[in-house]
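Enquirer: Pasting a predicted model and its sequence here:
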Number of protein chains: 2
Amino acid sequence: MAKLDFASARAEFRAGTLTPRKFLEACIRQIEKREPTVRAFVTLDLDGARKAADASDKRWKSKKPLSSIDGLPIAIKDIIETVDMPTEFGSPIFKGWNGGRDSACAFALRRAGAVIVGKAVTTEFAGAPPGPTTNPHDPKRTPGGSSSGSAAAVAAGMVPVAIGTQVGGSVLRPASFCGIVGFKPTFGALNRGGIGDQFSQNCIGTLSHTLEDAWAVAHEIAARVGGDPGFLPFAGGAEPAAPRRPDVLAVLETDGWAVADADAKKALAAFLKKLERAGVTLIDRKGSRRVAQLEDAIAGASDLSLGINDWEKIWPFADLELREGSRLSEGLRKAVLKGRDNMTVDDYVALLKKRDYARDVLMGLAGDVDACITLGSAGPAPLGIGSTGNAVFNMPASMLRNPALSLPLLKVDGLPLGLQLLGYPNCERALSGVAAWVSEFGKKR
Amino acid sequence: MAKLDFASARAEFRAGTLTPRKFLEACIRQIEKREPTVRAFVTLDLDGARKAADASDKRWKSKKPLSSIDGLPIAIKDIIETVDMPTEFGSPIFKGWNGGRDSACAFALRRAGAVIVGKAVTTEFAGAPPGPTTNPHDPKRTPGGSSSGSAAAVAAGMVPVAIGTQVGGSVLRPASFCGIVGFKPTFGALNRGGIGDQFSQNCIGTLSHTLEDAWAVAHEIAARVGGDPGFLPFAGGAEPAAPRRPDVLAVLETDGWAVADADAKKALAAFLKKLERAGVTLIDRKGSRRVAQLEDAIAGASDLSLGINDWEKIWPFADLELREGSRLSEGLRKAVLKGRDNMTVDDYVALLKKRDYARDVLMGLAGDVDACITLGSAGPAPLGIGSTGNAVFNMPASMLRNPALSLPLLKVDGLPLGLQLLGYPNCERALSGVAAWVSEFGKKR
């Protein structure tokens, strides 16, 4: 089995005890072993990957790696354009389609020396209807979505890192279900050029086994292509901050509390109790008016996000619907026509203002609360692959457009369950220090 | 010759004394007459336009127009995707290219019943190297750019309205040179989906003969596809506000003062004197510390805008450069490689912060200053079509990302020269009232 993290492989590249090509071959062996069941990839380009790895070998040998992720085998969600592989958006309409260019993040990753192994399965246009991917922990369960293949490829050890995107819960939810680290930075922090949708909650995120790998990848992308034009690029550093015990965490219930599995709540409660014993002060809606205000502001986050999304789907999907309506899923078609026919631009503006308000309320905690904490999902991955599960716990961070992490620190019935940490917009470094400490603490337990 | 404005044609459609098809045919006659010299179009689709006009005829006849711009013949800058015509971006690399979809604004315009007549000439990727378009007032002069064809088609009476885009001076400058109304709304106010570049200063604007037409088109686009995802859509109303005499205008010199033609300065001074006699209070950098602060904040707007642009050009142009470098202009190639090799993400962030600061300073005037006023360009259209002229007077509004208008109210040696008004972000309605009054006042002089 391939190493699960890249940082340790990089150390070996540097020491000369491992090469990117050998590392890639271990990944390929794992792909050969697991892919028939996991089905994480739409397209694999092993020849291209081998060539890229060989080039990386030479750079490491001459001690001139292009970056801290030179030689990193990586999978890219198939919603993101790559010049050498089709981008199919999980839709039959785009079967074999190639826009003839690299997206900003693919361009940056290549220039940083990363080895693009393949395109990972996405739900239809990163929406609801799932692909064939199964959960590496149990093939009868969903890996989550929409970054289904990205999360599954990482969880199955096929690649150390994959790129996903999230509008609602598409990075954090599969990370929680697959037992890996999901990182969604602040909105705008990683350049979305060449990604199928430009929704106002969509952002690029990473799936990985470690915080270190997530930070390295985000850092190297931002260093080369920045964030979305006009937005502050990821500035969380080339590696996470040193572990720092949080003084105060705000425990959020979110709308998810009403539907979360009892066992998931128990697992969280046990973790929180241990945090308190370790000296962390926990505040929640009962004891803090500011937390209560935030809970109120994010109540209805799913409906709000879907409403914003319905409007933003008018273009390009209503245009696509004119020509290819019958090849869109019923759900997508309905959402698009709902935006087009049943929403006005004033409805949309009202939702934007509500969203802005929630972010302002979040900022009311910034002075003395280190981060917010909640579940990564309403429970472990549910049975069946016909749905990617409930994203209710992930909608707040999407709506708030703040950075969030799902950390693989909880278990229910032997299945992974994420612990979610939410930080403040553009304060990724502070979040990483808290996350590093909570991760170490969680593993020691 | 076709009518120059659409609002009066619309009144005739309603009265039954004119039809969209007849209106279009008048436009086509004007195209036949002027296009061989003006060269405003890359692609014309007269068959498609006639079909669309016939369909509009039927709607007007049955008193069911789709919108206030049903039957409007319009030209679209060839940087904006149209499903039925190629989009060539002014670059040989994209000769005949068709992305197979309508951009958001083309989609909206069609759904509003507008008649897309053709694709208007753009400079290379809306940057510097010009196309073949000449100025309708004098074929030896540039029409300005980068929305060269859009402005020239309108000024020559070929279409009442055209869509352009502006990153630096690409709507306001050609409007000034061509003697028409150029309108650049607040950044983000009109949906840029399906436009070649997504630079953080790029926005869709209109070229027209009247404020009414500019407002109607912006309104109908925003009503159907809104603004850029997450941004406040244009909300200036379906028509401009009633004329309102401004109490106070801030006269800006900008960096342009140092290079403006003496006659252009004289023309502005004469206009300002008349405004003062009409009771408008004028303040400037000498008498107002806040205006001086704004002048300081926008000093270097061109360099700042170009710097931001160099970074934002890395994607997609550095990616394109890898494959098609020899077919990019030398200037574009240099800018792209400058961004890629000589800028860091921190350089970019520093420029963004400077830009934000300037907008904050502008907002310091909002309490008691109705608008800012300056020249639309450093002089009338210069001789030669090898350059699209100096955009120095337009860079401030691009950098401030606020709404701005170039109004055809000045003349120098019989050539048109724009008077520029700058408003506050998302306050298009207030700007329109001032602009309507200034326009009426200017025409009465």
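Expert: Thanks, I have the structure now.

Enquirer: buried residues in stretch A:324-344?
Expert: Of all the residues in stretch A:324-344, those buried under the rule 16 or more other C-beta atoms under 10 Å in any protein chain shown are A:324, A:328, A:329, A:332, A:333, A:335, A:336, A:337, A:338, A:339, A:340, A:343. C-beta here means a position set from N, CA and C on the backbone, and glycine is covered the same way.

Enquirer: filter these down to the ones near chain B?
Expert: By C-beta under 8 Å from any C-beta of the partner chain, the members of the buried residues of stretch A:324-344 lying near chain B are residue A:340.

Enquirer: Rounded mean pLDDT for stretch A:98-110, please.
Expert: In this model, stretch A:98-110 has a mean pLDDT of 97.

Enquirer: Output it as CSV - backbone C-alpha positions only.
Expert: The C-alpha trace of stretch A:98-110 is given here as CSV (Å, rounded to 0.1, in the frame of the first residue of the first chain):
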residue,chain,number,x,y,z
ASN,A,98,-12.2,18.6,-23.6
GLY,A,99,-12.1,22.4,-23.4
GLY,A,100,-8.5,22.3,-24.6
ARG,A,101,-7.0,24.0,-21.6
ASP,A,102,-5.9,23.4,-18.0
SER,A,103,-8.0,24.9,-15.3
ALA,A,104,-6.1,27.3,-13.0
CYS,A,105,-5.5,24.7,-10.4
ALA,A,106,-4.4,22.0,-12.8
PHE,A,107,-2.1,24.5,-14.4
ALA,A,108,-0.7,25.5,-11.0
LEU,A,109,-0.4,21.9,-9.8
ARG,A,110,1.6,20.9,-12.9
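
Enquirer: List of residues touching it?
Expert: A:52, A:69, A:74, A:76, A:80-83, A:85-87, A:116, A:163, A:190-195, A:204, A:217, A:220-221, A:223-225, B:314-316, B:318-320 (C-beta atoms under 8 Å, 6 or more residues apart in numbering or on different chains).

Enquirer: buried sites along it?
Expert: A:99, A:101, A:102, A:103, A:104, A:105, A:106, A:107, A:108, A:109, A:110.

Enquirer: cool, and stretch A:256-263?
Expert: Per 16+ other C-beta under 10 Å, stretch A:256-263 contains these buried residues: A:256, A:257, A:260, A:261, A:263.

Enquirer: Any chance of a markdown table for these, columns pLDDT and distance to chain B?
Expert: Shown next, in a markdown table, are the buried residues of stretch A:256-263 (pLDDT from 0 to 100; distance: C-beta to the nearest C-beta, whole Å):
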| residue | pLDDT | distance to chain B |
| --- | --- | --- |
| A:256 | 98 | 24 |
| A:257 | 98 | 28 |
| A:260 | 98 | 29 |
| A:261 | 98 | 33 |
| A:263 | 98 | 37 |
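
Enquirer: From the residues you listed, which land in helices?
Expert: residue A:263 (DSSP state H).

Enquirer: between the buried residues of stretch A:324-344, which is nearest chain B?
Expert: The closest of the buried residues of stretch A:324-344 to chain B turns out to be residue A:340 (C-beta to the nearest C-beta; 8.0 Å).

Enquirer: any idea which helix or strand carries residue A:372?
Expert: Take DSSP states H and E as the rule and residue A:372 turns out to sit in strand A:371-375.

Enquirer: Likewise for residue A:438?
Expert: Using DSSP H and E, residue A:438 falls in helix A:428-444.

Enquirer: Equivalent analysis for residue A:75, please.
Expert: Using DSSP H and E, residue A:75 falls in strand A:73-77.

Enquirer: same for that strand, what does it pack against?
Expert: helix A:20-38, helix A:104-111, strand A:115-120, helix A:148-155, strand A:161-166 (3 or more C-beta pairs under 8 Å, 6 or more residues apart in numbering or on different chains; DSSP states H and E).

Enquirer: from the contacts of stretch A:98-110, which ones fall inside helices?
Expert: Per DSSP H, those map to helices at A:52, A:217, A:220, A:221, A:223, A:224, A:225, B:319, B:320.

Enquirer: which ones are touching the fourth one?
Expert: It stands for residue A:221. Counting by C-beta under 8 Å, 6+ apart, residue A:221 has contacts A:104, A:105, A:108, A:109, A:112, A:190, A:191, A:204, A:234.

Enquirer: Now go through the buried residues of stretch A:324-344 and say which are in helices.
Expert: Among the buried residues of stretch A:324-344, the members falling in helices (DSSP H) are A:324, A:332, A:333, A:335, A:336, A:337, A:338, A:339, A:340.

Enquirer: among those residues, which two are most distant?
Expert: A:324 and A:338 (17.9 Å; C-beta to C-beta).

Enquirer: How is chain A divided into domains?
Expert: A:1-294+A:360-445, A:302-357 (automatic domain parsing).

Enquirer: Quickly compare the ones you listed and say which is most buried.
Expert: domain A:1-294+A:360-445 (a mean of 22; mean count of other C-beta atoms under 10 Å in any protein chain shown).

Enquirer: Next, work out how far apart residue A:235 and residue A:213 are.
Expert: 18 Å (C-beta to C-beta, to the nearest Å).

Enquirer: ditto for residue A:12
Expert: 15 Å.

Enquirer: Tell me where the model's unsure across chain A.
Expert: Judged by pLDDT under 70, chain A has its weakly predicted residues at A:1-3, A:445.

Enquirer: So for it, the centremost residue is which one?
Expert: With distances taken as C-alpha atoms, centre = their mean, the residue of chain A nearest its centroid is residue A:171 (2.6 Å).

Enquirer: leaving aside the residues next to it on the chain, what's closest to it?
Expert: Closest residue to residue A:171 apart from its sequence neighbours, by C-beta to C-beta, 6 or more residues apart in numbering or on different chains: residue A:205 at 3.6 Å.

Enquirer: Surely the one you found touches residue A:162?
Expert: No - proximity of residue A:205 to residue A:162 does not meet the contact threshold set by C-beta atoms under 8 Å, at 9.7 Å.

Enquirer: Out of the helices and strands packed on strand A:73-77, flag the one nearest residue A:381.
Expert: The nearest among the helices and strands packed on strand A:73-77, by C-beta to C-beta, is helix A:148-155 at 10.1 Å.

Enquirer: CA atoms of the closest one as PDB?
Expert: Extracted in PDB, the C-alpha atoms of helix A:148-155 (Å, rounded to 0.1, in the frame of the first residue of the first chain):
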ATOM      1  CA  SER A 148     -17.100  11.400  -4.300                       C
ATOM      2  CA  GLY A 149     -14.200  10.100  -6.300                       C
ATOM      3  CA  SER A 150     -11.800  12.600  -4.800                       C
ATOM      4  CA  ALA A 151     -12.600  11.500  -1.300                       C
ATOM      5  CA  ALA A 152     -12.700   7.800  -2.100                       C
ATOM      6  CA  ALA A 153      -9.400   7.800  -4.000                       C
ATOM      7  CA  VAL A 154      -7.700   9.300  -1.100                       C
ATOM      8  CA  ALA A 155      -9.400   7.200   1.500                       C
END
